[in-house]
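Colleague: The following comprises the amino acid sequence and a computationally predicted model.
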Amino acid sequence: MGAMLALVDVRGLGAALVDLVLPGECAGCGVDRRPWCGACLAQVGPPTRPWLPGGPEVLAAGRYAGPLRAALLRYKERGRRDLAGALAGLLAPVLDEVAGPAQESTIWLVPAPSRPAAARERGGDHVARLCRALGARRADVRVARPLRLARRTRDSVGLDAAQRAANLAGRVRVRRGDLPGAGRVLLVDDVVTTGATLRACRDALAHAGVPVASAIVLCDAARDH
């Protein structure tokens with residue numbers, strides 16, 4: 001256990017050093033423009049509404065392609081935690097469209113959970129970090145993290161829609177002490193492909209008595225619209 005914690009600490013330190021050394025790069029291509037160069041920003045979007053049979057309504061910042069895909073991979077897989085703000089900037093107008101103007105009631109962002117092993121390798125939960133960066137932009141937004149994945153959950157890469165659903169069946173757990181309070185609840189994820197994760201998260205919250213209004217995601221990788 002001690003060796004594992006030491007490894008996590010080293011990875012976290014490495015990610016933090018990257019944040020310091022490369023603070024001014026374009027999120028998409030890495031040129032000296034922050035947070036986006038004009039060419040990359042022009043290729044992001046427009047927002048899409050992937051259709052998920054039996055799932056919540058979803059609004060995505062753009063398709064999983066080009067600079068948006070590159071930025072997400074750098075953020076998610078290559079330790080570029082500093083890109084949370086740049087990606088939150090793309091998701092902010094999506095949140096505004098779904099939630100409307102700032103209001104008195106609270107909007108709760110609930111991040112889709114990562115596998116525990118994946119979160120450790122990445123130095124933390126990247127979707128939760130994205131939610132915090134997004135929540136800092138609006139006074140009526142708060143973040144709740146009631147959802148966890150069971151340790152035996154497999155990586156979804158390479159699984160088809162049926163396999164993804166089976167992989168998540170009964171494996172999205174709810175910590176009732178972390179449930180959001182009164183207000184509107186939005187699920188947040190980085191990529192939507194088949195919708196299995198969003199459906200499983202929505203259902204787990206519903207079983208805990210928390211209705212989900214809709215979902216917002218960065219990247220739309222769904223085949224059908």
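Modeller: That came through, no problem.

Colleague: Please count neighbours and contacts with C-alpha atoms only from this point.
Modeller: Fine.

Colleague: Which secondary structure elements does the longest strand anywhere in the chain sit against?
Modeller: Looking across the chain with DSSP state E, the single longest strand is strand 184-192. Strand 184-192 makes packing contacts with strand 107-111, helix 126-135, helix 196-207, strand 214-220 when contacts are defined by 3 or more C-alpha pairs under 8 Å, 6 or more residues apart in numbering; DSSP states H and E.

Colleague: strand partners of it, parallel vs antiparallel please.
Modeller: strand 107-111 (parallel), strand 214-220 (parallel) (DSSP bridges).

Colleague: TSV for those, including mean neighbour count?
Modeller: Output for the strands paired with strand 184-192, formatted as TSV (neighbours: other C-alpha atoms under 10 Å):
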stretch	mean neighbour count
strand 107-111	26
strand 214-220	26
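
Colleague: three-state assignment of Arg152?
Modeller: coil (DSSP: H, G, I helix; E, B strand; the rest coil).

Colleague: need the strands paired with strand 184-192 in TSV with distance to Leu41, can you?
Modeller: As requested, the strands paired with strand 184-192 are exported to TSV (distance: least, C-alpha to C-alpha, whole Å):
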stretch	distance to Leu41
strand 107-111	25
strand 214-220	14
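
Colleague: Near Gly183, how many residues? Count them for me, please.
Modeller: Gly183: 17 surrounding residues under other C-alpha atoms under 10 Å.

Colleague: So for it, what's the pLDDT?
Modeller: If you check Gly183, the pLDDT there is 94.

Colleague: nearest residue to it other than its sequence neighbours?
Modeller: Thr106 (4.8 Å; C-alpha to C-alpha, 6 or more residues apart in numbering).

Colleague: so Gly177, which of the three states?
Modeller: Secondary structure state of Gly177, per three-state DSSP, is helix.

Colleague: thought it was touching Pro146?
Modeller: Yes: here Gly177 reaches Pro146: they are 7.5 Å apart, a contact under C-alpha atoms under 8 Å.

Colleague: Check whether Ala196 really touches Arg164, as I assumed.
Modeller: Yes: using C-alpha under 8 Å, Ala196 is in contact with Arg164, at 6.0 Å.

Colleague: Which stretches in the chain count as helices?
Modeller: Applying DSSP state H to the chain gives helices spanning 2-21, 38-42, 66-77, 84-99, 116-121, 126-135, 161-168, 196-207.

Colleague: that older thread, so Gly177 and Pro146 - more neighbours on which side?
Modeller: Using other C-alpha under 10 Å as the criterion, Gly177 and Pro146 rank with Pro146 on top: 21 against 8.

Colleague: Tell me how far that one lies from Ala136.
Modeller: 19 Å (C-alpha to C-alpha, to the nearest Å).

Colleague: and if you look at Ala117?
Modeller: Distance from Ala117 to Ala136, counting by C-alpha to C-alpha: 27 Å.

Colleague: pLDDT averaged over stretch 116-131, what's the number?
Modeller: Averaging pLDDT along stretch 116-131 gives 84.

Colleague: Give the buried residues for that stretch.
Modeller: 116, 119-131 (16 or more other C-alpha atoms under 10 Å).

Colleague: Not counting sequence-adjacent ones, nearest residue to Leu52?
Modeller: Gly195 is the one closest to Leu52 (C-alpha to C-alpha, 6+ apart), at 5.8 Å.

Colleague: follow-up on the earlier one: and the strands paired with strand 184-192 as JSON lines, adding distance to Ala86 and mean pLDDT?
Modeller: Below are these laid out as JSON lines (distance: least, C-alpha to C-alpha, whole Å; pLDDT from 0 to 100):
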{"stretch": "strand 107-111", "distance to Ala86": "18", "mean pLDDT": "97"}
{"stretch": "strand 214-220", "distance to Ala86": "11", "mean pLDDT": "97"}
